[in-house]
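> Compute the structure for the input listed below.
(2 chains)
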Amino acid sequence: MSGRLPRQASRREVLTLAATAAAGAALKGSALADEKSVALARGKAPSPQWGLAIDLDRCSRCQACVVACATENNVLPLGPQVFASTRPIRWMDMLDPGGRGDLWALGRWPAPIPCMQCERPECVKACPVGACYRSEDGIVVQVWDRCIGCRACMIACPYGRRYYNWTQPAWPGGDPSSANPDVALRPVGVVEKCTFCQHRIRAVLERARLDDEPLDDEQIQRLPACAAACPSRAITFGDLADPHSALLALAQSSRATRLLPELGTHPRVFYLRGKP
Amino acid sequence: MRVVAIVALLAVAALGALAYTSQIQHGEVVTGMRSVGAGGAVWGLYVVMDGCFLGGGIALMAIACIARFTRDRSMEAAARIAMPSAITCFLGAALCVLADQGRPLAALMNLSLYARPQSPMFVTFTSVGAVCLFGSLLHCVLARRPDLAEYAKRPSAWQGLQRVLAAGYQGTPAERSRRRKASLWMSLGMLAALSAPATALAILFVGRISRSVDVVVIEMSAFLVISFAGGLGILVIAAALVRRFAGPGAGLSARGSARLGRWLLVAVSLSALLLVVAEVASVGSDTVAVAAFGSALLGNYRGMFWTALTGLFLAAGLLWPASRRRRRRERRTVLASLIVQVSMFLHHDWLLVAWQTHGLALPYGPGRYSPTRIEWGVAAGIVAVCILLLLPAVRLIPFAPVALEAPSIPTKSRDLRRSVLTFAWLVSGLAVASIGLLGSARVAADASGDPSITGSPVVFILGLMLLATTGAVYELLPERK
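Numbers count the residues shown, from 1 in each chain, chains lettered A, B, ... in the order given. Just a heads-up that it's a prediction; the model follows:
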């Protein structure tokens, strides 16, 4: 009988555990209360963890972000006929709660809503062929070529942030030369969504790698097209895994809130409202 | 009369093909579906039809398995009619899903190569292919082998195929005993296997993260019970048609008919009860559920909801007197079954669509959905194709039983070779299915990447098919001379 006895926890381990629990309890109520996000904030993540903060007090509802997003990502102008049949595609949209402002945490004014890039995305679970997955940097990616057009992800997404190409995309005058060459054109019958302008992120990361220079938080705060176009600098992009990033500070502020936190999807888009 | 019916069905099928061609050509912009949150529903008539077909098919197959498992003589004809009807329903379900896909060919290819078990669609895809269609077809053929052997003796256009399907059947006591055992285990296996697609289908219709679990559970139960009632209704209608066109010998006995009527009454009453309970539970749920509830009771969907509920009560009212007097009232039962079909369709439609247009968690404006003529055309075409495919199947294996098979007597003789081979077949089926499932689930591989074994979903389907054929191996393995 030489079985090992279970090792007893040392006093240091017990105290560390208690301190961690206390820190977790103290953070409760802030938007980054969950364990994983706390771990990210301490810089334990192997790669950047991209996120977005939208300051609703700064936002003037000018919809520049909506237009910039569409232009950057080759979201086609659909023409009056398709638009009238309410089949628009808007990766970044302005959601007007109308008389149903009581239904969400953002008040009664319209708010810009991109894809929430959830940490636990329902769309990824629902996709039957793996056309939708969450990349290492926390962006929920849609592989257009693999998508079969079943729209299960659209049903699963509680935020309604996915769009389907109901018809063959057609450029005005049939000329796609004004399209952004960095973003693929999506065919008919596939679902598409916001990617946090992943092509821009990659380009900046690659440039930093080639120049062998560390990426500065200032450089990336206005990286996505929506953030770059915002005249009131209401949209801040950044790395949640960087303890010094402006985004992390905003996400941890008492003004930060997330959409439908009760669903447990842990969105990476934070809304700021109210006075600190 | 028959020729006119066939020509009409062919015309409807051609119209359906034309409508589908238009959909493929222009995209699903020709349908009434729109983006969720932008005033519409992304799943519409095709998915509703899929729910009706698949739910009804599963119910039919379950009834056939229960009848075979319990060896109820009065339900033998019901089992005979239920099996081909179930296969037709499964085919219809598969066609409906295919019609709904934005890229149908890519769907077939990518589901075969990359399907993931995390998605409920994996279960429906693999189950419809392997369990529902293949398993049901095999079960149907094995169950009718004595009749096929008799039919194969008569000259007909199908004689060759009938001979192949009945090959080796001699009706010896040992063979009858094997048939009995194989039928028992296959019925049990099918019943267990059918629970997976049934649950997955209910999740597809009802399960949403933004909904409270208790309401979802009640609505899933309501969905399954109404589907079962729908399946029973299809069986009653099919039995009446068989009786009308193939003669009383092929139809249900008076006792069987009365029993089906009683089952239908129970299912319909339970459906109505669960429907009411689900709605009452929604009131005590969150504000989003209340919005969807309001749309059902008083809003856009009030017509659907109240018609479905009234239909269920009406059907129960029609079935009640017949069940009390224990008399054959075929017309009433058939009428009640037709009403149940309408109720089932409306219930599934309302259940699927109302939550997309009125039950969103974010304050999007309410939407609406009404199918276009293209969608109705495709759906009608699918129904016509299914009925047309059923006709040659009925010629191949007619409903009327001709073989007078003596009751089987359990034999105590042990055939070790047969048992070992069957067990080996079962284990190999389990192994192949497990490899396919683990590969599809990306076990020991990047969860967001491709399966470690290319085409793992197909491997899983092959494993399920091997499992489904275990009973056939046991029954059909030639005896040692």
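
> Next up, the contacts around residue 196.
No chain in the question, so chain A it is. Counting by CB atoms under 8 Å, 6 or more residues apart in numbering or on different chains, A:F196 makes contact with A:50, A:52, A:114-115, A:117, A:139, A:224, A:237. Bear in mind the C-beta positions are built from the backbone N, C-alpha and C, glycine included.

> nope, chain B please
B:A196 neighbours (CB under 8 Å, 6+ apart): B:123, B:127, B:131.

> before we move on, back to that, would JSON lines of the contacts of A:F196 with distance to chain B be doable?
Shown next, in JSON lines, are the contacts of A:F196 (distance: CB to the nearest CB, whole Å):
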{"residue": "A:W50", "distance to chain B": "16"}
{"residue": "A:L52", "distance to chain B": "17"}
{"residue": "A:P114", "distance to chain B": "13"}
{"residue": "A:C115", "distance to chain B": "12"}
{"residue": "A:Q117", "distance to chain B": "14"}
{"residue": "A:I139", "distance to chain B": "11"}
{"residue": "A:P224", "distance to chain B": "21"}
{"residue": "A:F237", "distance to chain B": "22"}
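
> tell me which helix or strand of the chain sits lowest on mean pLDDT?
With no chain named, the answer covers chain A. Ranked by mean pLDDT, DSSP states H and E, the helix or strand of chain A with the weakest confidence is helix A:35-41, at a mean of 44.

> I was after chain B.
Here the helix or strand of chain B ranked lowest by mean pLDDT, DSSP H and E is helix B:287-297, holding a mean of 67.

> Count the neighbours of the residue of chain A found nearest chain B for me.
Nearest residue of chain A to chain B, counting by CB to the nearest CB: A:G149, 1.9 Å away. The number of residues packed near A:G149 is 23, by other CB atoms under 10 Å in any protein chain shown.

> And it, its phi and psi?
Backbone torsions of A:G149, given as degrees, to the nearest 10, read phi 80, psi 30.

> Hmm, it is touching A:Y164, no?
Yes. With contacts counted by CB atoms under 8 Å, A:G149 reaches A:Y164, the gap being 7.1 Å.

> Out of the contacts of B:A196, which comes closest to B:P451?
Of all the contacts of B:A196, B:V123 has the smallest distance to B:P451: 16.3 Å, by CB to CB.

> wait, isn't that closest one in contact with B:P197?
Yes. Here B:V123 reaches B:P197: they are 5.9 Å apart, a contact under CB under 8 Å.

> These two: which is more packed in?
Between B:V123 and B:P197, counted using other CB under 10 Å, B:P197 has the larger neighbour count: 24 against 21.

> in which helix or strand would I find the residue lying closest to B:M49 once chain neighbours are set aside?
Leaving aside its chain neighbours, B:M49 sits nearest to B:C96 (4.5 Å; criterion: CB to CB, 6 or more residues apart in numbering or on different chains). In this assignment (DSSP states H and E), B:C96 forms part of helix B:76-100.

> What is the neighbour count of the nearest residue to B:A281 once chain neighbours are set aside?
Leaving aside its chain neighbours, B:A281 sits nearest to B:V215 (4.9 Å; criterion: CB to CB, 6+ apart). Applying other CB under 10 Å, we find 23 residues neighbouring B:V215.

> Sticking with the one residue sitting closest to the centre of chain A, tell me its helix or strand.
In chain A, the residue lying closest to the centroid (CA atoms, centre = their mean) is A:Q117, at 3.5 Å. Using DSSP H and E, A:Q117 sits within no helix or strand.

> And it, how far from B:W350?
Separation of A:Q117 from B:W350 (CB to CB, to the nearest Å) stands at 33 Å.

> Now, the contacts of A:F196 that are in strands?
A:50, A:52, A:237 (DSSP state E).

> for the first one, what are its contacts?
Spelled out, that is A:W50. With CB under 8 Å, 6+ apart, A:W50 has these contacts: A:117, A:137-139, A:196, A:201, A:237-240, A:268.

> any chance of the residues you listed in JSON lines, plus distance to B:S112?
Output for the contacts of A:W50, formatted as JSON lines (distance: CB to CB, whole Å):
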{"residue": "A:Q117", "distance to B:S112": "30"}
{"residue": "A:D137", "distance to B:S112": "31"}
{"residue": "A:G138", "distance to B:S112": "31"}
{"residue": "A:I139", "distance to B:S112": "28"}
{"residue": "A:F196", "distance to B:S112": "32"}
{"residue": "A:I201", "distance to B:S112": "34"}
{"residue": "A:F237", "distance to B:S112": "39"}
{"residue": "A:G238", "distance to B:S112": "41"}
{"residue": "A:D239", "distance to B:S112": "39"}
{"residue": "A:L240", "distance to B:S112": "38"}
{"residue": "A:R268", "distance to B:S112": "33"}
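
> Just to be sure, which of the residues you listed are found in helices?
When DSSP state H is applied, these are split such that A:I201 fall in helices.

> quick check, nearest of the contacts of A:W50 to A:L250?
A:G238 (8.2 Å).

> near chain A, which residues of the stretch 301-450 of chain B show up?
B:356, B:360-365, B:367, B:447-450 (CB under 8 Å from any CB of the partner chain).
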